[in-house]
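Participant: sharing a sequence plus its predicted fold:
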Amino acid sequence: MAIDTNRFQAIISHCKEYGFIFPSSEIYDGLAAVYDYGQWGSELKKNIKDYWWKSMVQMNENIVGIDASIFMHPTTWKASGHVDNFSDPMIDNKDSKKRYRVDHLLEAKADELEKEGKPEQSDILLKEMDTLLAANDFVGLKKLIENNKIVCSVSGTGNWTDVRQFNLMFSTQMGSVSDESDTIYLRPETAQGIFVNFLNVQKTGRLKIPFGIAQTGKAFRNEIVARQFIFRMREFEQMEMQFFIRPGTQKEWYAYWKEERMKWHLSLGISPDKYRFHDHVKLAHYADAACDIEYNFPIGFKEVEGIHSRTDFDLRNHQEYSKKKMQYFDNELNQNYIPYVIETSIGLDRTVLMVLSEAYEEQDLSTADKKDSRVVLKFPPKLAPLKLAILPLVKKDGLPEIAREIMNDCKPYFRCFYEEKDTIGKRYRRMDAIGTPYCVTVDHQTKEDQTVTIRYRDTMQQERIPITQVKSKVLESII
Ligand code: GAP
């Protein structure tokens, strides 16, 4: 596991400096593990979300999308098992009073061993942790922490409490008077909005199994260890799809969605060796099989997406708690049943971080006569926040007017940017730093022959093309 902390820090700084991601409410020193997307970050995030929606909903005739509320009836979370089971084993340091997730403490130790050139010991530690977690052996987990001499990063001591479970859901009150019965939760996953609407959508859409329901939206978790930028946030966004199938067919559909989702990741132009599957040893309370798609971030291989075979756990429990039938009548089998579900669940913010990590490049462009460098974000054009920058060479001689005409012609089709300040070289570099794949420069020759110079971000090569070809050239690369 190659970890490149410097690269990770450089990406975080770049995101702040160039308007991608800021700490939330920064003027008040920020809020831990909460971030805001700036002008380019929000465009990037939206483009990723749209690409996911297009691949999952538009391209699959048997998948539809919904947009359910964040607030749901509190019984939803009893039925889903989140009130009783959505917790992580935690341990507190008695001296600093700081609380840690047990698996994060042990994983950090495993990373440390790896960095010290002890990969076997690191592997053994992770395997022991997996076994103890799967067995809910809290005494064993505490021993493992102590035996590995893990200390608190604040107090520096190994003075630990026992390991205990803590629920990760945020709760709040609905209505003006606070009362136990009014306690509602901020949803920790978007999936339940799909389950409770399963019959509404199936009936009104006259959908036949197998079919899927997709949605994107915010989720909230009171993460204890949350210090990895947008990798682990307390408020984040998910893109989830629940695929409803006949009971007994879950193995095939699980394999199908594993393959499909990996194809989607590779379609982002990311090389296969940057990904791996990780099968879960300790299954979530709802799953009979589950795996993660992990990407090799600068902080090592980590989960971007989960694929879960959720059986009929959710629908069966909603049927039990709501006393409403959650069954589907299968015409072909002439039979009623509660469908089984395969879920694909990808974190939008983690995907943003993955795309940023993949795109970020520091290049030394020095020549014998001149020192030079640039930072370029090599986003796939379809994901880039801006597709085209339109730059008049000078602010006079009618060049801005021509540039404005190109801008007006292109802006209904894709996001463009117009700029006339500074030298053309400086403007190119600014566009490289936010990942704009194309820049066109309008110069004096444009007035004579109606051509412009188009510059390609990745190669920095330039060519002259007729103005009439600009729009189609960009459009071809973003469809
Ligand atoms: N409905 C299933 C579910 O929520 P999960 O594995 O807990 O499964 C799915 O979450 C995805 O959501 C993860 O693969 C990850 O990308 C994203 N995610 C989970 N917790 C997150 C957090 N605290 N910050 C950012 N993304 C998170």
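Facilitator: All right, it came through fine. Everything numeric in this text was worked out from a predicted model, so none of it was measured. Residues are numbered from 1 along each chain as shown.
Participant: ok, how many other residues are close to the residue in the stretch 1-150 of the chain positioned nearest to the ligand?
Facilitator: In the stretch 1-150 of the chain, the residue that lies nearest the ligand is A33 (7.5 Å; C-beta to the nearest ligand atom). From N, CA and C alone the C-beta is placed, and that goes for glycine too. By other C-beta atoms under 10 Å, the residues close to A33 number 23.
Participant: so how far is M239 from it?
Facilitator: Relative to M239, A33 is positioned 20 Å away (criterion: C-beta to C-beta, to the nearest Å).
Participant: now the closest residue to the ligand within the stretch 301-450 of the chain: how far from K115?
Facilitator: Going by C-beta to the nearest ligand atom, the ligand is nearest to G347 of the stretch 301-450 of the chain, at 2.3 Å. G347 is 26 Å from K115, where distance means C-beta to C-beta.
Participant: same drill for those two, tell me which one is more crowded.
Facilitator: Counted by other C-beta under 10 Å, G347 and K115 do not tie: G347 has more neighbours, with 23 against 14.
Participant: next, the more buried one: phi, psi?
Facilitator: phi -80, psi 130 (degrees, to the nearest 10).
Participant: now the host helix or strand of C439 - C-alpha only, PDB.
Facilitator: Using DSSP states H and E, C439 sits within strand 438-442. Listed next in PDB are the C-alpha coordinates belonging to strand 438-442 (Å, rounded to 0.1, in the frame of the first residue of the first chain):
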ATOM      1  CA  TYR A 438      -9.700  23.300 -24.300                       C
ATOM      2  CA  CYS A 439      -8.700  26.900 -24.700                       C
ATOM      3  CA  VAL A 440      -9.400  28.900 -27.900                       C
ATOM      4  CA  THR A 441      -7.500  32.100 -28.500                       C
ATOM      5  CA  VAL A 442      -8.900  34.800 -30.800                       C
END
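Participant: just the CA atoms of the helix or strand following it, as PDB, please.
Facilitator: Using DSSP H and E, the next helix or strand after strand 438-442 towards the C-terminus is helix 444-449. Written as PDB, here are the backbone C-alpha positions of helix 444-449 (Å, rounded to 0.1, in the frame of the first residue of the first chain):
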ATOM      1  CA  HIS A 444      -5.600  39.200 -35.300                       C
ATOM      2  CA  GLN A 445      -5.600  36.400 -37.900                       C
ATOM      3  CA  THR A 446      -9.100  35.400 -36.700                       C
ATOM      4  CA  LYS A 447     -10.300  38.700 -38.200                       C
ATOM      5  CA  GLU A 448      -8.900  37.700 -41.600                       C
ATOM      6  CA  ASP A 449      -9.700  34.000 -42.000                       C
END
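Participant: residues in the stretch 201-350 of the chain within reach of the ligand, list them.
Facilitator: 221, 223, 232-233, 236, 238, 240, 303-306, 343, 345-347, 349-350 (C-beta under 6 Å from any ligand atom).
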